[in-house]
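J.: Mind looking at a prediction? Sequence and model below.
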Protein chains: 2
Amino acid sequence: MSYRDKKVITIGTVCELTGLTDRQIRYYEERKLVFPARSKGGTRMYSFGDVELLMEIADKLEDGLHTHEIRKLHEKRAKSAVTDRVAN
Amino acid sequence: MSYRDKKVITIGTVCELTGLTDRQIRYYEERKLVFPARSKGGTRMYSFGDVELLMEIADKLEDGLHTHEIRKLHEKRAKSAVTDRVAN
DNA sequence: CGTGTAAGGAATTCTGACACG
DNA sequence: CGTGTAAGGAATTCTGACACG
């Protein structure tokens, strides 16, 4: 697993990197758009990949999409990624 | 700057990634071997590169080197890196 | 020299909820 | 629906120091 996917970043840092509030980030998790890991103490841990994903989500929300629609889009993308992998 | 060099990791996570204690990591900083950034609140922030460096330091200490010697070695390496860059 | 630990405080994060619209 | 906020608690980190050797 590359640096991009290691869940080592705390929510406060993610806020700085993305410009989002912690409230927004936790809400996107509630809506099943991001999936942070948890430290023993229960602290959410994000990867750089998650940071990129969050900025993408923020973009789509600004474009007027709803969290539910964004989830659908991402599920599709994940599915075709699997298909591609199997095909190759 | 790549993911490797972004200072976004908190000391507790660095402990897990390296197997070192926070006491050791702070001591290596005191001895000028690592240079974490600081958050607004004063929390030390490390990069994946720092994590690698710390493991290297731990290796050398196990080999019997002293922090002072390790620093010398690392300074030399940094210097030749600059030389190489200028040469190329 | 390199590391452990107890001490007290400050910064960070967590959850559940009320609010607006 | 998506986000702000105050609330109280728990986890994390910080510094300076004493200890051992």
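T.: That came through, no problem. What you see is a predicted model, and the numbers here were worked out from it, not measured in a lab.
J.: going forward, measure contacts and count neighbours with C-alpha atoms only.
T.: Fine.
J.: where does chain A have low pLDDT?
T.: Counting by pLDDT under 70, chain A has low-confidence residues at A:84-85, A:87-88.
J.: So which bits of it are right by chain B?
T.: Near chain B, the residues belonging to chain A are A:3, A:4, A:8, A:9, A:10, A:13, A:48 when assessed by Cα under 8 Å from any Cα of the partner chain.
J.: so the second one sits in a strand?
T.: What that stands for is residue A:4. No: looking at residue A:4 with DSSP: H, G, I helix; E, B strand; the rest coil, it is helix, so not inside a strand.
J.: what about residue A:57, how many neighbours?
T.: With neighbours defined by other Cα atoms under 10 Å in any protein chain shown, the count for residue A:57 comes to 22.
J.: Helix, strand, or coil at the nearest residue to residue A:21 once chain neighbours are set aside?
T.: Once flanking residues are discounted, residue A:21 sits nearest to residue A:15: 5.6 Å by Cα to Cα, 6 or more residues apart in numbering or on different chains. Applying three-state DSSP to residue A:15 yields a three-state assignment of helix.
J.: related to what we said a few turns ago, which among the residues of chain A next to chain B count as buried?
T.: For the residues of chain A next to chain B, a burial check counting by 16 or more other Cα atoms under 10 Å in any protein chain shown picks out A:4, A:8, A:9, A:10, A:13, A:48.
J.: what's the closest of the residues you listed to DNA strand C?
T.: Top of the list for closeness to DNA strand C, among these and by Cα to the nearest atom of the strand, is residue A:10 at 4.3 Å.
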